[in-house]
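# pasting the sequence and the predicted coordinates here, then a few questions.
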Amino acid sequence: MKSLWDNKEAQNYKTDLDLRVYTSRLLGRDSSLVLHGGGNTSVKSTATNLFGEVEEILYVKGSGWDLATIEAEGFAPVKMEMLLKMAELKELSDTDMVKYQRLSMTNPSAPNPSVEAILHAIIPFKFVDHTHTDAVVTITNTEGGEDKIREIYGDSVLVIPYIMPGFVLAKLVYEMTKEVDWSKLEGMVLMNHGLFTFSNEAKESYEKTIELVDMAEKYLKDNGAQLHVEKSSANIETLTLAKIRKEVSSLKGKATISIFNDSDLALHFSKQNIDKIATQGPLTPDHVIRTKRIPSILGDDFKSDLANYVKAYRDYFEANKTDETMLNPAPNYAILRGRGALSFGENAKDANIIKDINEHTYEAILRAEKLGGYRALSPAKIFEVGYWSLEQAKLKSGAKASEFSGKIALVTGGASGIGLAIAKMLNARGAAVVALDINPDVERIFNRADAIGIRCDLTCSDDIQSAISKTVKSFGGIDIVVSNAGIFTPSQNLDELSDENWQRSMDINLTSHQKLLKYSAPFLKLGVEPCIVMVASKNFPAPGKGAAAYSVAKAGQTQLARIAALELGEFGVRVNTLHPHAVFDTAIWSDEVLANRAKAYKMSVEEYKTNNVLKTEICSNDVAELVCAMAGKPFAKTTGAQVAIDGGSDRII
C-alpha cells in the first residue's frame, strides 16, 4: 500500500478542517480501506463562540457522509468538554448518547456526529483516522487472529477485543488506556472491526494507516494468503435471473432490484465450499446493516432455498430477540452455486453497495481460509449490530420510497425528445432505467448505476435480445416497457410515396415494436405490476394527407398494442397506448418537417404548433407525465386504453 499524500496539493489546505477533508478523501479513494460511508475521521481544533470564548471542538465525520467525497460541512462540530465528560459516565444508552452529542454541537444544522465521536475525543491527538481496512480485518477474522495481530505489530498497537460500537466501545478504550503511554502507540486494532491511527499531524496520522495496512498485507502475502482467480464465465439463463428476482420481490413485499455479479472473483467464490465459508457472517459487523448476516445459497430449486432461508432467518431472530421489530426475513444477497452472486436492494444504489461489500468479503474470506480458516463473530454479536436501537429507530421512521423504487423500465428512443424525457422522469421517480437508441449518444447520456444507455438497432432481433439480457443482468428483470422509438418519414402523397420511405416507416414504426414485445414479454410476465406503454400517434385516429407511411404504421402499432393487451392480460401485464400530437421539442420535428406540415394545413408554423382545442403547446415532459401515470397507480386497473395527449383535437373529439 502506497501513500497518496501530495505535498504540493496539501499546501492548498491551510486550516485544520481543510487538512482533515484532504486526508479523509485520501482514505476514501481506496475501497480496501473504507466502503460506502464506512470509517470515520476527526480533527480537534478551536472555535470562538458567540460570547468571544475559545472552545475546544472535535470535528468528526457526520452520519451519511462518505470519506471519498466528504466536504467541510460533512464534519459535525462537537464540544470536546461534553464528550470527555460523557466518557466518564458509567452507563449511557445509545439514544441518549446521540441526543447529548447533538446537544453539544455548535452548529445545529450539521449532520449527526459519528457514533464513535466519544472514542475520537478521548484519543489525545489532533487527527484521528478510523478505517475498516480489508487486510487488518481479514487477519482478525481468522483462527487465532489476535495472536497474529500481535505477531505483526508487537506492542506498537493497542489491541481492543470486539465490543459493540458506540458508548460501550468508547468506555472500554477509556478504561483500558488510563495507564497507557499513548506516545508509544502507532495505532489501535479493534478486533473484527478495524484500525485507528492518530497523530498531531494530518500527514503522519494518514501515513500511519498506510504503514500499518501495508504490514498486514505483507503478512498475508508472506503466509501464503494470496488469491489467484482464473478467468471464467457464468452459465445461467437470464429468465432464471428474472424468476429469482420475482420471488425475492414477493418475499420482500415490494419491487426489488437484483444485480447479477459474474465477476471472476464472484464466480470463483461461488465454486468453493460456500455452505461453510459463506454462512459464518460478515467481514465486519457494520456490513450486516446492508447485507444481513449471511446470504441465501441458491441451487436449481431456488424457491425452496429461498423459503428455507426465510425460515432460518425467523429462527435466528427468535433466538436472539428481546423486544426488537424483525426486519424483512428475505435475503439481501445470494450466492448461486457455481454461477456467481446476486445482490438485492430497494434501488440500484443499494444493490450496488451490497455487491461492492460482497466483492471485498469474498476476497477476505478466501484469504482468511488460507491463513487458518475464516472465523466471523457469533450470530448473537452480529444480531446486536443488525438490531441496534439506532438502526431500529431508522426502521420505524423509514422514509417513504419513491414512486417507482425497485422497478425496472426499458425505454426505446431514449437519446432524445419524448424518449429522453420519459427515461429521465421514470429514473427521477425511482425506477432503474435502461434507455435504448440507435444513436450511440444514449450510452453517454445514461451512464449511471441506476440508468444505463445501450446502443440498439430496434429492427435487429439480436440487438434487442442482447439489450434485454443486459437489462436483466444489470437490474434483475423488466417491469415497464415504453415502446416509443419512431421516425417521421418525408411527407409524400400516395402517388408519390417511395418504396423506401414506406418500408422504412414499417420497419421502425411498426415491426420494431413487434420485435420488442416478442422478446420482452417473457420477462414482463415475471415483472412486478408489469406494464407496456405504447407511444403511438394522433395520426392513427386522425391521419393526415401526405403521411401514409407514418399513419399506417402507427395504426398497426396501435392494433398491436390492443392484441398485446388481450394476450398478456392473464399474466397481469397492462398494455395501454398514448397518442401524442404536435410535440415539437423532439428530433422528428425538424424545421423542414414542421414547415412542410404547416404548409399542408395552410397555416403558419406558430399556428400549427397550437392547432388544438386548448390552444396550447405540448412538450416532451407532458408526454412523460402521462407515461408515468400509465405505468403507475392511476392506470393500475386499466388495460387496452388509448389516450390522446394533443391539447384536444377537433378531428378526434
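Perfect, I can see it now. Worth saying up front: this structure is predicted, and the values here are computed from it rather than measured.
# tell me the domain boundaries of the chain?
7-222, 238-396, 408-645 (automatic domain parsing).
# residue 242 belongs to a strand?
No - assessed with DSSP: H, G, I helix; E, B strand; the rest coil, residue 242 is helix; it does not lie in a strand.
# ok, so what distance separates the residue of the chain positioned farthest from its centre from residue 375?
Residue farthest from the centre of the chain, counting by CA atoms, centre = their mean, is residue 495 at 55.1 Å. Residue 495 is 83 Å from residue 375, where distance means CB to CB, to the nearest Å. Quick note: C-beta positions are derived from backbone N, CA and C, even for glycine.
# so which of the domains of the chain gets nearest residue 402?
Nearest to residue 402 among these is domain 408-645 (2.8 Å), distances taken as CB to CB.
# what is the least confident helix or strand in the protein?
Counting by mean pLDDT, DSSP states H and E, the chain has its least confident helix or strand at helix 389-396, which shows a mean of 66.
# give the next helix or strand downstream of that one.
Counting by DSSP states H and E, the next helix or strand C-terminal to helix 389-396 is strand 408-412.
# contacts for that following strand, please.
Identification of contacts with strand 408-412 by CB atoms under 8 Å, 6 or more residues apart in numbering yields 255, 257, 419, 422-423, 426-427, 431-437, 456, 458, 467-468, 471, 475-485, 512, 516, 520, 527, 631.
# with stretch 26-39 instead?
With contact meaning CB under 8 Å, 6+ apart, stretch 26-39 is reached by 1, 4-5, 41, 61, 64-70, 129-135, 194, 206, 209, 213, 286, 290, 353, 356-357, 360.
# quick check: phi and psi at residue 41.
Per-residue torsions, residue 41: phi -130, psi 160 (degrees, to the nearest 10).
# my read: it touches residue 24, true?
Yes - look at residue 41 against residue 24 with CB atoms under 8 Å: they come within range, at 4.5 Å.
# give me the common contacts of the two.
Joint contacts of residue 41 and residue 24 (CB under 8 Å, 6+ apart) are 61, 67, 129.
# by neighbours, which of these wins?
Counting neighbours by other CB atoms under 10 Å, the top entry in the shared contacts of residue 41 and residue 24 is residue 129, with 30 neighbours.
# contacting residues for that residue?
So residue 129 contacts 23-24, 27, 39, 41, 196-198, 205-206, 208-209 (CB under 8 Å, 6+ apart).
# who are the contact partners of the residue farthest from the centre of the chain?
Counting by CB under 8 Å, 6+ apart, residue 495 has no contacts.
# double-check that it belongs to a helix.
No - secondary structure of residue 495 (three-state DSSP): coil, not part of a helix.
# what about it, distance to residue 548?
10 Å.
# likewise residue 628?
Remark: distance between residue 628 and residue 548 (CB to CB) = 32 Å.
# equivalent analysis for residue 80, please.
The value you get for residue 80 to residue 548, if CB to CB is used, is 80 Å.
# mind checking what secondary structure residue 64 has?
Look at residue 64: counting by three-state DSSP, its state is coil.
# settle this for me: it is touching residue 111, isn't it.
Yes - using CB under 8 Å, residue 64 is in contact with residue 111, at 5.7 Å.
# tell me which of the two has more neighbours.
Taking other CB under 10 Å, residue 64 and residue 111 do not tie; residue 111 has more neighbours (18 against 9).
# just checking, the more buried one touches residue 60?
No - using CB under 8 Å, residue 111 makes no contact with residue 60, being 9.9 Å away.
# give me the common contacts of those two.
residue 76.
# then residue 341 would be within a strand, right?
Yes - counting by three-state DSSP, residue 341 falls inside a strand.
# correct me, but it touches residue 265?
No - if you go by CB under 8 Å, residue 341 and residue 265 don't touch, sitting 9.5 Å apart.
# neighbour count: those two, which is higher?
residue 341 (28 against 18).
# so who does the more buried one touch?
Contacts of residue 341 were listed using CB under 8 Å, 6+ apart, and they are 260-261, 266, 269-270, 295, 333-335, 355, 358.
# nearest to residue 177, of the residues you listed?
Once CB to CB is applied, the member of the contacts of residue 341 that ends up nearest residue 177 is residue 358, at 35.0 Å.
# count the neighbours of the closest one for me.
Residues within reach of residue 358, counting by other CB under 10 Å, total 27.
# in contact with it, which residues are there?
261, 266, 291, 295, 333, 341, 343.
# which parts of the helix or strand hosting residue 350 are buried?
If you go by DSSP H and E, residue 350 is part of helix 348-370. Using 16 or more other CB atoms under 10 Å as the test for burial, helix 348-370 gives 348, 350-369.
# center of the chain, which residue is that?
Closest residue to the average C-alpha location of the chain: residue 349 at 0.7 Å, with CA atoms, centre = their mean.
# let's see which of the contacts of residue 129 end up in strands.
41, 196-198 (DSSP state E).
# let me have the residues you listed in CSV, adding neighbour count and distance to residue 90 as columns.
Shown next, in CSV, are the ones in strands among the contacts of residue 129 (neighbours: other CB atoms under 10 Å; distance: CB to CB, whole Å):
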residue, neighbour count, distance to residue 90
41, 29, 28
196, 28, 24
197, 26, 29
198, 23, 26
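# okay, these in JSON lines with distance to residue 250 next?
Output for the ones in strands among the contacts of residue 129, formatted as JSON lines (distance: CB to CB, whole Å):
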{"residue": "41", "distance to residue 250": "42"}
{"residue": "196", "distance to residue 250": "44"}
{"residue": "197", "distance to residue 250": "47"}
{"residue": "198", "distance to residue 250": "49"}
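# out of those residues, which one sits closest to residue 249?
Taking CB to CB as the measure, residue 249 lies nearest residue 41 of the ones in strands among the contacts of residue 129, at 38.0 Å.
# just list the residues touching residue 160, thanks.
Counting by CB under 8 Å, 6+ apart, residue 160 has contacts 169, 172-173, 176, 188-191, 193.
# let's go with 6 Å and repeat that
188, 190 (CB atoms under 6 Å, 6 or more residues apart in numbering).
# can you name the residues that contact residue 23?
So residue 23 contacts 202, 206 (CB under 6 Å, 6+ apart).
# how close does it get to residue 17?
For residue 23, the distance to residue 17 - CB to CB - is 11 Å.
# now swap in residue 488 and tell me
Distance, residue 488 to residue 17, using CB to CB: 57 Å.
# contacts only, for residue 356.
By CB under 6 Å, 6+ apart, residue 356 lies in contact with nothing.
# if you set the cut-off to 7 Å instead, what comes out?
31, 35-36 (CB atoms under 7 Å, 6 or more residues apart in numbering).
# then residue 159?
With contact set as CB under 7 Å, 6+ apart, residue 159 has these partners: 146, 149-150, 189, 191.
# doesn't it lie inside a strand?
Yes - applying three-state DSSP, one finds residue 159 inside a strand.
# how far away is it from residue 176?
10 Å.
# before we move on, what about residue 424?
54 Å.
# show me which of those two is the more surrounded one.
It is residue 424, of residue 424 and residue 176, that has more neighbours when counted by other CB under 10 Å, with 20 against 14.
# neighbours around the closest residue to that one other than its chain neighbours, how many?
Of all residues beyond its chain neighbours, the one nearest residue 424 is residue 624 (7.5 Å), with distances taken as CB to CB, 6 or more residues apart in numbering. Residues near residue 624, counting by other CB under 10 Å, number 23.
# just the buried residues of the helix or strand hosting residue 624, please?
Following DSSP H and E, one finds residue 624 within helix 620-631. Buried residues in helix 620-631, counted by 16+ other CB under 10 Å: 620, 622-624, 626-631.
# give the other helices and strands that that helix contacts.
helix 417-428, strand 531-535, strand 574-580, strand 642-645 (3 or more CB pairs under 7 Å, 6 or more residues apart in numbering; DSSP states H and E).
# quick check: which of the ones you listed is nearest to residue 595?
The minimum distance between residue 595 and those falls on helix 417-428, with 18.4 Å, by CB to CB.
# roughly how far is the helix or strand following the closest one from the heart of the chain?
Sequence order places strand 432-437 as the next helix or strand after helix 417-428, per DSSP H and E. Strand 432-437 sits 16 Å away from the centroid of its parent chain (CA atoms, centre = their mean, to the nearest Å).
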